[in-house]
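Peer 1: Sharing a model prediction with you, sequence too.
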Amino acid sequence: MSQKNETPILILSLLITAGLIGAGAWWFINNNKINLNQTSNSKSTSSKDTTPWSSNGVKNKTFTAVTNIPTGLFNYGGSTSWAPIRLAVDAAVQANLPEFRLRYTEPTGAKPGSSTGIQMLINGQIAFAQSSRPLNDTELARAQQRRFSLKQIPVAIDGLAFAIHPDLQIPGLTVNQLKSIYTGKTTNWRQVGGPNIPIRAYSRPITAGGTVELFVQDTLGGEAFAANVELVPTTTQALRKVANSLGSIYFASAPEVVPQCSIRALPLGRTQGQYVAPYQEPFVKPTECPGKRNQLNIEAFRSGNYPITRNLFVVVKQNGRAEQQAGTAYANLLLTEQGQKLISQQGFVRIR
C-alpha cells in the first residue's frame, strides 16, 4: 500500500483512539464524582474537628489528647450548681494544660447563676458560660441581635432532689404533688399521705439561678411560688432549716442534697406509689453518717426513671473567634474520659 493511502487511515486511527480515551475519562469522572467529593469533605472536616474523639472514632482519654486548645487566660461564669465540677476540673486543666488558663468570674451587682452567666456571655464579658438549664428563646434572640448564635453542649446529668426532715414519715411525692405544695394548694402533709403537720416549703429566689428557674418552668408550669414559700439565700441555710423543722421541704441540685447527714432526700414519682429514690438503696440513716453517706442513684438519673433530671451545659458563643475556641475546648475536655471521671467523682452523672 502506498504512503499516500496510509496517511488517512493513520489519522482515522488516531481520532478513534483519542475518542475512546476521552469517553473513558468522562465515564470515570462522572462515576467517581461523589466519592471524590466525599473524600475531599472528609479531609476538610477532620482538619477542623475539635470534638473529644480521636480520628479513629475512639474517645480521647485524657486532657492532653484534645486538640485545638487555645493559649491565654479565659474568663467564664454561670451556674452555682457547677461549683464542685469547676473546682475539680480547673485544677486538673491547669496541671495538664498550663497554657489554657481559666478564671471563674462573678457578675457585678447580681448573684451568680445560669442566667447571669449567659447574660455576661452575650454582653461579651466572659468567653463561655456554665448552665444548669437549657437556653431559652429570649437568650437566643438577644444573641442573634448581636450577630452571633449560642450553642449548648451537654456534658453531665444532674437532677433536683427534695430534702425533708429524716423523721417525717412519708414514702414519697409525685411531681404533681410537688407543684401543689409550691403553688400553695397543698399546705399540710396529711393531704399527701403524711402526718397532720403543716408544710413549710423553702426555696432560693428565682433570681438565684438555673435550678430554681428550671423547677418553676418545668414542674410548676410557669406558675409563681405561693406566698407561704419561704425564700432562703443559700442551700446551706435552707438545709439547716429543714433539719430543724419536721414539716419542712427544700430542693436543690441532687449532689448537694443526697449525701447530707441531717436530712433525707425524698423519693419521687410520676404516679402515686411509684416512687424512685434519688439515692442508692439501702438508705444510709443519719446515725450512720458521716462514716457512710448516701450516693446518687446513677442509673435512675441516666435512664430518666427519676422524674426530675436535667443536663448541665457549656454554653459557647458561635462567632469564629477565641471565645468559641475556648468554650469548645472546655466542653471537649469535660467529655474526655478524664473529664467524665472528674464529673462522676463530684457526685454528678456521666453523660458518656
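Peer 2: Thanks, I have the structure now.
Peer 1: list the buried ones in stretch 115-132?
Peer 2: In terms of neighbour count (16 or more other Cβ atoms under 10 Å), stretch 115-132 has its buried residues at 115-122, 125-132. Using the backbone N, CA and C atoms, a C-beta is placed for each residue, glycine as well.
Peer 1: For the stretch 1-150 of the chain, just list every one of the strands.
Peer 2: All strands of the stretch 1-150 of the chain, identified by DSSP state E, counting those that start in this stretch, fall at 72-78, 100-104, 128-131, 149-164.
Peer 1: among the ones you listed, which is the most enclosed?
Peer 2: Of all the strands of the stretch 1-150 of the chain, strand 128-131 carries the top mean neighbour count, a mean of 29, counting by mean count of other Cβ atoms under 10 Å.
Peer 1: What strands line up against that one, and which way round?
Peer 2: strand 72-78 (parallel), strand 309-318 (antiparallel) (DSSP bridges).
Peer 1: Any chance of those strands in TSV with mean pLDDT and distance to F251 as columns?
Peer 2: As requested, the strands paired with strand 128-131 are exported to TSV (pLDDT from 0 to 100; distance: least, Cβ to Cβ, whole Å):
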stretch	mean pLDDT	distance to F251
strand 72-78	98	20
strand 309-318	97	12
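Peer 1: TSV please, covering these and showing distance to F100.
Peer 2: TSV is the format used below for these (distance: least, Cβ to Cβ, whole Å):
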stretch	distance to F100
strand 72-78	7
strand 309-318	14
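Peer 1: So which of those strands is nearest H165?
Peer 2: strand 309-318 (24.5 Å; Cβ to Cβ).
Peer 1: Can you tell me which residue sits nearest the middle of this structure?
Peer 2: L312 (2.3 Å; Cα atoms, centre = their mean).
Peer 1: Can you tell me the element the nearest residue to V66 once chain neighbours are set aside falls in?
Peer 2: Of all residues not flanking V66 in the chain, N332 sits nearest, at 5.0 Å (Cβ to Cβ, 6 or more residues apart in numbering). Using DSSP states H and E, N332 maps to helix 322-334.
Peer 1: tell me the mean pLDDT for that helix?
Peer 2: For helix 322-334, mean pLDDT is 98.
Peer 1: just checking, what packs against that helix?
Peer 2: In terms of contacts (3 or more Cβ pairs under 8 Å, 6 or more residues apart in numbering; DSSP states H and E), helix 322-334 is packed against strand 72-78, helix 83-96, strand 100-104, strand 128-131, strand 149-164, strand 309-318, helix 337-345.
Peer 1: tell me what the second one is packed against?
Peer 2: I take that to be helix 83-96. Using 3+ Cβ pairs under 8 Å, 6+ apart: helix 83-96 touches strand 100-104, helix 322-334, helix 337-345.
Peer 1: residues touching the residue nearest to R270 when sequence neighbours are not counted, list them.
Peer 2: In this structure, R270 finds its nearest non-sequential neighbour in P307, 5.1 Å apart by Cβ to Cβ, 6+ apart. Listed by Cβ atoms under 8 Å, 6 or more residues apart in numbering, the contact set of P307 reads V175, L268, G269, R270, V276.
Peer 1: What subset of the residues you listed is buried?
Peer 2: L268, G269, V276.
Peer 1: Check the gap between R101 and F74 for me.
Peer 2: When distance is defined by Cβ to Cβ, to the nearest Å, R101 is 7 Å away from F74.
Peer 1: Export the strands of the stretch 1-150 of the chain to a markdown table and append columns for distance to V229.
Peer 2: Converted to a markdown table, the strands of the stretch 1-150 of the chain look like this (distance: least, Cβ to Cβ, whole Å):
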| stretch | distance to V229 |
| --- | --- |
| strand 72-78 | 25 |
| strand 100-104 | 30 |
| strand 128-131 | 24 |
| strand 149-164 | 13 |
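Peer 1: Name whatever forms a beta bridge with N75.
Peer 2: R103.
Peer 1: Correct me if wrong: it contacts Q125.
Peer 2: Yes - counting by Cβ atoms under 8 Å, Q125 is a contact partner of N75 at 7.4 Å.
Peer 1: okay, and the common contacts of those two?
Peer 2: T105.
Peer 1: got a list of what G273 touches?
Peer 2: Going by Cβ under 8 Å, 6+ apart, the list of residues near G273 reads P171.
Peer 1: cool, and Q345?
Peer 2: Q345 touches A88, counting by Cβ under 8 Å, 6+ apart.
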